[in-house]
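Asker: Structure of the sequence below:
(2 chains)
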Amino acid sequence: MNVEKIREDFPVLKKKAIYFDNACMTLRPKQVVDKVVEYYNEYPACAGRSIHSFGNKVNDEVNSARKLVKDFIGAKKESEIIFTKNTTESINLLANSFNGERVLLTDREHNSNLIPWQRFKQGILRSNLDFTFNLERFSEIVKNYELISFVATSNLDGYTLPIKEIIKIAHENNVKVHLDGAQFVPHNEINVKKLDLDYLSFSGHKMLGPTGTGVFYAKEELLKGMKQFIIGGETVINSTYNDFVMEKSPHKFEGGLQNYAGIIGLGAAVKYLSKIGLSEIKDHEIRLRRAVDVSGLKLIGKNSGGIVNFNVPGVNFHEVATILDTSDNIMIRSGQHCMHSWFNANNIEGSARASFYLYNSMDEIKVLNEALNKLKKLG
Amino acid sequence: MICLLSLIVFGVLAIFSASYRPLVKEAFDCVFRRVTLRKCQSGLDVKVKSKIVGKLMGKSTKLARGVHKYFEVVSWLFVVLFFVSLFFSGQALYNTIVYDNCNGPIGEDGENPFCILTGEGGDVVEQEVLDCGDPLCEDGQCETCGSSCECGSCEG
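Answerer: Numbering: from 1, shown residues only, chains lettered A, B, ... in the order given. Purely as a prediction, here's the structure:
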């Protein structure tokens, strides 16, 4: 993987900014931006309803993006891919049509996979003391639930759950599995068909795609039984004053005029990532994470994948982020990373988090290390 | 304490630019919490502190460390300095309005130290010699002294 060549695709990196907040949002290559601009400049119309040439072009582009996403996650059919605003909306879609009562979550869920389930009877599976997944305990309790909704890779520390085993055990107990793939899909190869995964949610903005793009995947047979979430325009075939005939999936879940520019841009992002290869990207991120000088830092969580979560003793985590930004143009995240529940349960006020992606370089890690060494002296 | 300073500084800046107004609000919230003996929640103090420390770190790690460690003390110092200078500025302004110079009434010895507001300093300027055009220069007091006209008698 040629990082220098990749960096040329990201015009914003010419600003000499060191961007390590990729777990929140990634940058976009010019291929994605160009595709978004192309929509507005060349065929800025509606899809799915207008039969003029612009409308047909938008239809083709959106369908092409849907196919790219389908192939990217290894789904069986394009109708299993539903475009949403983001992971949060995808999970809300599922929670809205969930007919059961009991849902099992882990203790390290992002708010987006915690709050929508709080109106159900929730079980929280605690991690082991070394922050790993407690598979043994999971095997014992999974039968008590109708659905498990787990974060596949944590935005706290990049730890990835043993997905294969979890799905296998859950299905043996006749329990459906939903994965919050917001941090998993952008960094790992996934094949939902092979995994026999029931539901998957992820966002476009964490994988080089435009903001306001997300995906919800569900097996075709499960989608048929799911209630609509947002209804109205495009979700129906016909209507009377008192009733309507529902569209088929995916359109029955995509209410109203869609973010066509974003969806088309997401297609370009998926294409870009597929061309480079996710296993290459993953290896690169791990190399970067391992090159971070963590001596003297208080690490938070497991710290795997491309995430380093830490505190500098004697320096507030928000100070760490602001000082790095002011002194060396290094952008990291600070706070509770939308995981207030985990921080509250562990009595930790917050932390600083550096997260890496394909365009980050070893030179940038050197700058980070130098800055961190100076920071350590402040404490 | 930096919040109090921020409130004043941003308050003045906010008169001229709307972009400072959210910061004033934040600073006010912070000051209000501090005077009611609660912790500042807006994070403004942390933001200001870390911005300053971040800038200093590029120049001197030692200085940055000192400011980081004693930031509250430094903040207090600046707050005290601010109020002391505010007091003296107010006093000087009052004197300028009332006595036409920032030092107040002139002492019996006629000494009047340098005053930045009037630009005059040192010995008191002799007021007796008035210009011919001055209405206080009574008739018959005008004399032509060399090339100029003076009120009173020519010296020398």
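
Asker: Please report how far the spatially closest residue to A:G74 that is not a sequence neighbour lies from chain B.
Answerer: Among residues not flanking A:G74 along the chain, A:N191 sits closest, at 3.2 Å (Cβ to Cβ, 6 or more residues apart in numbering or on different chains). (Each C-beta comes from the backbone N, C-alpha and C, glycine too.) Distance of A:N191 to chain B, given as Cβ to the nearest Cβ, to the nearest Å: 43 Å.

Asker: what does A:S139 give?
Answerer: Distance from A:S139 to chain B, by Cβ to the nearest Cβ: 43 Å.

Asker: Now that residue: which helix or strand?
Answerer: helix A:135-141 (DSSP states H and E).

Asker: got the buried residues for that helix?
Answerer: Residues A:F138 are the ones in helix A:135-141 that count as buried (16 or more other Cβ atoms under 10 Å in any protein chain shown).

Asker: What residues does A:K30 make contact with?
Answerer: A:9-11 (Cβ atoms under 8 Å, 6 or more residues apart in numbering or on different chains).

Asker: In helices only, show me those.
Answerer: In helices, judged by DSSP state H, none of the contacts of A:K30 are found.

Asker: List phi and psi for the residue sitting furthest away from the middle of chain A.
Answerer: Centroid-distance maximum for chain A: A:Y241 at 39.5 Å, with Cα atoms, centre = their mean. As for A:Y241, its main-chain torsions (degrees, to the nearest 10) stand at phi -60, psi -20.

Asker: and what of B:Q91?
Answerer: phi -60, psi -40.

Asker: Close to chain B: what parts of chain A are there?
Answerer: Counting by Cβ under 8 Å from any Cβ of the partner chain, chain A comes close to chain B at A:315-316, A:318-328, A:374-375, A:377-378.

Asker: could you flag which of those residues are buried?
Answerer: A:315-316, A:318-328, A:374-375, A:377-378.

Asker: what's the span of stretch B:11-28 from first residue to last?
Answerer: 9 Å (Cα to Cα, to the nearest Å).

Asker: Report pLDDT for B:V48.
Answerer: At B:V48, the pLDDT value in this model is 87.

Asker: ditto for the one 10 residues further on
Answerer: At B:G58 the predicted local confidence, pLDDT, stands at 84.

Asker: nearest residue to it other than its sequence neighbours?
Answerer: A:S327 (5.1 Å).

Asker: Report the contact partners of the one you found.
Answerer: A:371, A:374, B:54-55, B:57-58 are the contacts of A:S327 under Cβ under 8 Å, 6+ apart.

Asker: hang on, A:V215 in a strand?
Answerer: Yes: counting by DSSP: H, G, I helix; E, B strand; the rest coil, A:V215 is located in a strand.

Asker: any idea how far B:W76 lies from B:L86?
Answerer: Here B:W76 is placed at a distance of 15 Å from B:L86 (Cβ to Cβ, to the nearest Å).

Asker: So between these two, which is more surrounded?
Answerer: B:W76 (14 against 11; other Cβ atoms under 10 Å in any protein chain shown).

Asker: how much space between that one and chain A?
Answerer: B:W76 is 19 Å from chain A, by Cβ to the nearest Cβ.

Asker: who touches that residue in this structure?
Answerer: B:W76 touches B:M1, counting by Cβ under 8 Å, 6+ apart.

Asker: again, but for A:F20
Answerer: Counting by Cβ under 8 Å, 6+ apart, A:F20 has contacts A:330-332, A:354-356, A:360, A:364, A:368.

Asker: Counting neighbours, what do you get for whichever residue of chain B sits closest to chain A?
Answerer: The nearest approach of chain B to chain A comes at B:G54, 2.7 Å away (Cβ to the nearest Cβ). For B:G54, the count of nearby residues is 22 (other Cβ under 10 Å).

Asker: now the helices for chain B?
Answerer: Here chain B has its helices, by DSSP H, at B:2-16, B:21-35, B:44-57, B:61-69, B:71-99.

Asker: roughly how far is the helix or strand hosting the residue nearest to B:G58 from the heart of the chain?
Answerer: A:S327 belongs to helix A:317-328 when assigned by DSSP H and E. The chain centroid and the centroid of helix A:317-328 are separated by 26 Å under Cα atoms, centre = their mean, to the nearest Å.

Asker: Next SSE downstream of it?
Answerer: Assigned by DSSP H and E, the successor of helix A:317-328 is strand A:330-331.

Asker: for the helix or strand just after that next one, what is the average pLDDT?
Answerer: Sequence-wise, the next helix or strand downstream of strand A:330-331 (DSSP H and E) is strand A:333-335. Averaging pLDDT along strand A:333-335 gives 95.

Asker: List the neighbours of strand A:333-335 that are in contact with it.
Answerer: Counting by Cβ under 8 Å, 6+ apart, residues outside strand A:333-335 touching it are A:21, A:23-24, A:317-318, A:320-322, A:350-355.

Asker: Within its sheet, name the partner strands of that strand and how each one runs.
Answerer: Each strand paired with strand A:333-335, and its direction, by DSSP bridges: strand A:351-355 (antiparallel).

Asker: Pull out the CA atoms of the partner strand and give them to me as CSV.
Answerer: C-alpha atoms of strand A:351-355 as CSV (Å, rounded to 0.1, in the frame of the first residue of the first chain):
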residue,chain,number,x,y,z
SER,A,351,-9.9,10.2,27.6
ALA,A,352,-8.1,11.3,24.5
ARG,A,353,-8.3,9.1,21.4
ALA,A,354,-6.1,8.9,18.3
SER,A,355,-7.6,6.8,15.5
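
Asker: check contacts around A:K16.
Answerer: A:N329.

Asker: quick revisit: right, and the helix or strand after the helix holding A:S139?
Answerer: Using DSSP H and E, the helix or strand that follows helix A:135-141 in sequence is strand A:147-151.

Asker: Report the buried residues of the helix or strand following that next one.
Answerer: The helix or strand immediately downstream of strand A:147-151 is helix A:163-172, counting by DSSP H and E. Buried positions in helix A:163-172, judged by neighbour count with 16+ other Cβ under 10 Å: A:163, A:166-167, A:169-170.

Asker: Ok, stretch A:346-356 next?
Answerer: Result for stretch A:346-356 [16+ other Cβ under 10 Å]: buried residues A:350-356.

Asker: How about stretch A:241-249?
Answerer: A:247, A:249.

Asker: Start and end of that stretch, how far apart?
Answerer: First-to-last residue span, stretch A:241-249, Cα to Cα: 23 Å.

Asker: From the chain's centroid, how far away is it?
Answerer: The answer for stretch A:241-249 is 31 Å, by Cα atoms, centre = their mean.

Asker: Run a quick check on B:M57 versus A:K376, I expect a contact.
Answerer: No: applying Cβ atoms under 8 Å, one finds B:M57 not in contact with A:K376, separated by 11.7 Å.

Asker: More neighbours: which of the two?
Answerer: B:M57 (25 against 16).

Asker: and the more buried one, what is it in contact with?
Answerer: So B:M57 contacts A:323, A:326-327, A:374-375, A:378, B:64 (Cβ under 8 Å, 6+ apart).

Asker: where's the dip in pLDDT among those?
Answerer: A:L378 (87).

Asker: With adjacent residues omitted, what lies nearest to that residue?
Answerer: Using Cβ to Cβ, 6+ apart, the closest residue to A:L378 is B:H68 (4.7 Å).
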